[in-house]
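In: Please find the sequence and the predicted model below.
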Amino acid sequence: MATHKYRQILEKLQNEISSGRYKPGKRLPSEAELVRRFGASRMTVFRAMHELQSLGLVTRRVGSGTYVSSNSHKGSHVFGLLIPELGQTEIFEAICKGMMEAQEAMHHSLLWGNTVSQEQEKEQAAEQLCEQYISQKVSGVFFAPVEFSVNRFQSNHKIVAAFDRAGIPVVLLDRDLEPYPQRSKYDLVGIDNRRTGFLATEYLIKAGANRIAFFARPNSAPTVDARMAGYREALLSQGERPRRDLVSIGDASDTKFIKSVLKKDRPDAFVCANDLTAGNLMHTLISLGQRIPEDISIVGIDDVKYARLLPVPLTTLHQPCRDIGRMAIAVMLDRIANPDLPPRDVLLRCELVIRKSCSAPAPNRNGHKRL
């Protein structure tokens with residue numbers, strides 16, 4: 001709750017500075033006044049004011065108060081974050097922190113927007129936030145397209161079309177708008193998902209797995225299809241006897257479905273689309289009496305904080321989220337300065353983090369690899 005209030009205060013003051021309500025050199029309300037205005041604690045207000053100072057929007061004078069910086073409008077930009085999963089998916093929190101830490105972001109502002117609690121609300125909330133950013137005339141928007149909904153492609157295209165009409169540049173985070181391997185016309189910053197899927201599968205092959213399955217949720221983002229393509233590519237790279245392609249799309253928590261997968265495909269290893277799926281699958285497999293990794297090995301993708309806290313610590317691919325955030329800021333500023341540049345994919349490499357959910361590969365293999 002305190003985090004939500006902090007963002008509310010930060011966003012409101014950013015908007016009031018960018019709109020000119022508080023002009024350069026003007027004194028902002030005192031912390032005591034802001035505490036009363038927002039009904040927040042003094043520490044929450046202090047955190048928001050400190051963030052404004054870090055962004056270069058205000059200066060604090062001992063014994064006098066907080067004033068809008070003289071350069072708060074000169075050469076500065078206000079960017080909107082349109083991330084429906086913000087607060088629900090750990091990677092986006094880290095990406096946003098990376099943006100705030102970027103040296104290039106020092107004199108610019110980020111509007112965080114609101115998050116939603118239920119998947120069925122994501123499309124509507126994202127479209128409303130799009131309208132809000134257009135009315136605020138932001139300089140650009142970082143957009144993580146909606147996933148896990150049937151109408152996600154229509155909603156995502158509606159959003160970027162509105163930004164196009166308003167002349168607001170868009171940089172995509174993590175995923176594209178189009179089904180893989182198609183590509184939209186917008187800059188994209190994320191990881192190389194195809195190579196990530198390849199590396200996860202290759203590691204399992206070297207660990208001796210013979211029947212490797214790929215598991216994902218229905219209606220996932222195009223990133224998952226790219227990871228699946230890397231999985232298939234790794235299977236096909238095994239010389240004259242490529243391994244069989246075993247792809248399962250479903251709910252990893254559905255015991256009946258997982259039972260059917262085990263009976264039909266008899267997998268001895270799973271590459272999961274992400275750590276959340278891997279964690280749910282692990283719990284289901286254990287409930288069915290499967291031993292990990294003795295019976296079945298599991299590899300995830302993301303390296304979220306709880307990956308090491310699962311019943312069997314998860315081998316996974318670490319996303320360099322803060323680096324993604326820093327690169328996204330650089331790409332956005334470059335796009336604003338050079339609007340005629342062709343669209344770019346800025347794809348960062350991932351690191352394989354080996355824990356206990358997989359059988360060890362042959363001794364002569366290096367257990368710590370990079371893409």
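Out: Perfect, I can see it now. Just so we're clear, the structure is a prediction, and the values are computed from it rather than from any experiment.
In: Which residue ranges of the stretch 151-300 of the chain form helices?
Out: When assigned using DSSP state H, counting those that start in this stretch, the helices of the stretch 151-300 of the chain occupy the ranges 152-166, 193-206, 222-236, 255-265, 275-287.
In: what's the closest of those to Glu85?
Out: Go through these one by one with C-beta to C-beta and the one that ends up closest to Glu85 is helix 275-287, at 11.1 Å. Yep, even glycine has a C-beta here, placed from its N, CA and C like the rest.
In: Check which residues of the closest one are buried.
Out: 275-282, 284-285 (16 or more other C-beta atoms under 10 Å).
In: Stretch 184-197 now?
Out: Buried residues in stretch 184-197, counted by 16+ other C-beta under 10 Å: 184, 186-197.
In: average pLDDT across that stretch?
Out: pLDDT averaged over stretch 184-197 equals 98, rounded to a whole number.
In: Show the end-to-end separation of it, please.
Out: With C-alpha to C-alpha, to the nearest Å as the measure, the ends of stretch 184-197 fall 22 Å from one another.
In: ok, now stretch 311-326?
Out: Start-to-end span of stretch 311-326 (C-alpha to C-alpha) is 33 Å.
In: got it, and stretch 281-292?
Out: In terms of C-alpha to C-alpha, the two terminal residues of stretch 281-292 are separated by 11 Å.
In: picking that back up, for Pro84, find the nearest of the helices of the stretch 151-300 of the chain.
Out: Taking C-beta to C-beta as the criterion, Pro84 comes closest to helix 152-166 out of these, the separation being 9.6 Å.
In: neighbouring contacts of that closest one?
Out: Under the criterion C-beta atoms under 8 Å, 6 or more residues apart in numbering, residues 82, 123, 126-127, 130-131, 133-134, 137, 141, 143, 145-146, 149, 169-170, 177-179, 184, 186, 219 lie in contact with helix 152-166.
In: Tell me the buried residues within these.
Out: By 16+ other C-beta under 10 Å, those give 82, 123, 126-127, 130, 133-134, 141, 143, 145-146, 149, 169-170, 177-178, 184, 186, 219 as buried.
In: Skipping its backbone neighbours, what lies nearest Arg194 in space?
Out: Spatially, and ignoring its direct neighbours in sequence, Arg194 is nearest to Gly230 (4.1 Å; C-beta to C-beta, 6 or more residues apart in numbering).
In: What is the neighbour count of the one you found?
Out: Burial of Gly230 is recorded as 24 neighbouring residues (other C-beta atoms under 10 Å).
In: where's it relative to Cys350, distance?
Out: From Gly230 over to Cys350 the distance is 11 Å, taken as C-beta to C-beta, to the nearest Å.
In: tell me the SS of the closest residue in space to Ser76 that isn't next to it in sequence?
Out: Residue nearest to Ser76 in three dimensions, not counting chain neighbours: His107, with 4.8 Å by C-beta to C-beta, 6+ apart. At His107 the chain is in coil, as set by DSSP: H, G, I helix; E, B strand; the rest coil.
In: how close does His107 get to Leu57?
Out: The gap separating His107 from Leu57 is 8 Å, by C-beta to C-beta.
In: Kindly report the same for Ala307.
Out: 36 Å.
In: out of those two, which sits in the busier spot?
Out: For Ala307 versus Leu57, the count of surrounding residues by other C-beta under 10 Å is larger for Leu57: 28 against 23.
In: And the pLDDT for the more buried one?
Out: As predicted, Leu57 sits at a pLDDT of 77.
In: Can you give me the distance of it to Glu33?
Out: 18 Å.
In: Same question for Gln124.
Out: 35 Å.
In: now Glu11
Out: 18 Å.
In: Over to Val146?
Out: Here the criterion is C-beta to C-beta. By it, Val146 lies 38 Å from Glu33.
In: same deal with Phe215?
Out: Counting by C-beta to C-beta, the gap between Phe215 and Glu33 amounts to 53 Å.
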